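Enquirer: Quick one, structure for this:
(one chain, ligands or ions: 1)
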Amino acid sequence: MKKSDVISLVLTGACAAALIVAVSAAEEEVQALSKEQLAQFDKGPSSVDVSAYPAGLRENYQIFRQKCSVCHTIARPINCEFALPDEWSRYIKRMMHKPGSSISPGQAKKIYEFLAYDSSVRKKALFDDKLSKADAATRADEDARMKAILAAYAQK
Ligand code: HEC
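Expert: As a prediction, this is how the structure comes out:
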């Protein structure tokens, strides 16, 4: 092996090591932050005033309360910073796959519809802010998802 090859090998190794350190430091930061965040969410209000929500979504609220309080406080999803339908959709799937969660696909859909609608009303500022920062395709998708929920649960 030429001396220059050895040097470049050593440099590559050093870069990889530096990268690994940087990545794991970043991960720890995220985890430390979210631990504190989770505690904040857990301490917040633990119910939602759904009295003005469409009847079907008031029913879904009960399913949400039952299914999403098995492993942590119900306050956690009530106070977290998810708002857009697609964020909820992805996150609920993640919760469904955790060991010990017994959420059927039908229940997950109802919980999703409740949380997306609830966010659009109760967290309107956050909801609108996220929507305005999304790219055009995402915004169109989120709008379509909201329209579908509103149409399905329109007050009769
Ligand atoms: C089987 C246990 C379990 C069930 C059931 C469950 N969760 Fe969770 N949830 C967790 C765990 C564990 C965490 C901690 C973060 C992680 O591991 O993803 C968490 C964290 C969260 C967070 C905070 C995440 C963040 O990064 O802000 C939210 C919001 C949440 N869950 C919502 C829900 C909703 C909504 C439901 C009902 C559809 C639900 N959870 C049902 C286990 C569960």
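
Enquirer: what sits up against stretch 95-112?
Expert: Stretch 95-112 has contacts (Cβ atoms under 8 Å, 6 or more residues apart in numbering) with 59-60, 63-64, 67-68, 70-71, 85, 88-89, 92-93. C-beta coordinates here come from the backbone N, C-alpha and C atoms, glycine included.

Enquirer: which of those residues come close to the ligand?
Expert: Near the ligand, judged by Cβ under 6 Å from any ligand atom, the entries from those are 67-68, 70-71, 92.

Enquirer: Just the ones of those in helices?
Expert: Within those, residues falling in helices by DSSP state H are 67, 92.

Enquirer: List only those of the ones next to the ligand among the contacts of stretch 95-112 flagged as buried.
Expert: Buried subset of these (neighbour count, 16 or more other Cβ atoms under 10 Å): 67-68, 92.

Enquirer: So Asp42 sits against Ala75, correct?
Expert: Yes: checked against Cβ atoms under 8 Å, the pair Asp42 and Ala75 is within contact range at 5.3 Å.

Enquirer: circling back: tabulate the ones next to the ligand among the contacts of stretch 95-112 (TSV), appending pLDDT.
Expert: Converted to TSV, these look like this (pLDDT from 0 to 100):
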residue	pLDDT
Lys67	97
Cys68	97
Val70	94
Cys71	93
Ile92	96
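
Enquirer: could you point out which element follows the helix or strand containing Glu87?
Expert: According to DSSP states H and E, Glu87 maps onto helix 85-96. Reading on from helix 85-96 to the C-terminus, the next helix or strand found by DSSP H and E is helix 105-122.

Enquirer: and that next one with helix 85-96, angle?
Expert: Counting by axes from the mean of the first three to the mean of the last three Cα atoms, to 10 degrees, helix 105-122 points 140 degrees away from the direction of helix 85-96.
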